[in-house]
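[1] One predicted model, sequence on top.
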Amino acid sequence: MIKTMVEDAARELGVRVFGTRTPADVLRRVEENGSALLVLDLGADHFRPMSLIKRIKTDHPGARIIGFVSQSNAAMRTKAHDAGCDFVYTRPELAKQIKSIFRTLLPG
């Protein structure tokens, strides 16, 4: 559901979207595209999201990262912000606000 909403919102703004299956794919895409806006599921443990965020922010400080959690989780939000995540939303918040978030963050 979130993936489709992200794709639809980006398409509406004329922005290309890439889906990835592994952390290596994420890093490769960021490397290829320079500064990027990433939307990461912070509950995707197989991605080791906190380590991934730190690496992206170290190697590409201009990248902006939106993380989302399945429900309000103050500890996860704090960890994500500490790792360098720019914005953290619950899944419902992101779903509701994705278009306005993208309009604000993406070049127009």
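    Cool, the structure landed.
[2] Show me the residue at the heart of the chain, geometrically.
    The C-alpha lying nearest the average C-alpha coordinate of the chain belongs to residue 39 (C-alpha atoms, centre = their mean; 1.8 Å).
[3] Just confirm that residue is within a strand.
    Yes: assessed by DSSP: H, G, I helix; E, B strand; the rest coil, residue 39 belongs to a strand.
[4] correct me, but it touches residue 63?
    No: if you go by C-beta atoms under 8 Å, residue 39 and residue 63 don't touch, sitting 11.7 Å apart. Quick note: C-beta positions are derived from backbone N, CA and C, even for glycine.
[5] Was I right to think residue 95 contacts residue 1?
    Yes: Residue 95 lies in contact with residue 1 (C-beta under 8 Å); the separation is 6.9 Å.
[6] Which residues are in contact with residue 16?
    Applying C-beta atoms under 8 Å, 6 or more residues apart in numbering to residue 16 gives the contacts residue 10.
[7] try 10 Å
    For residue 16, the contacting residues are 10, 33, by C-beta atoms under 10 Å, 6 or more residues apart in numbering.
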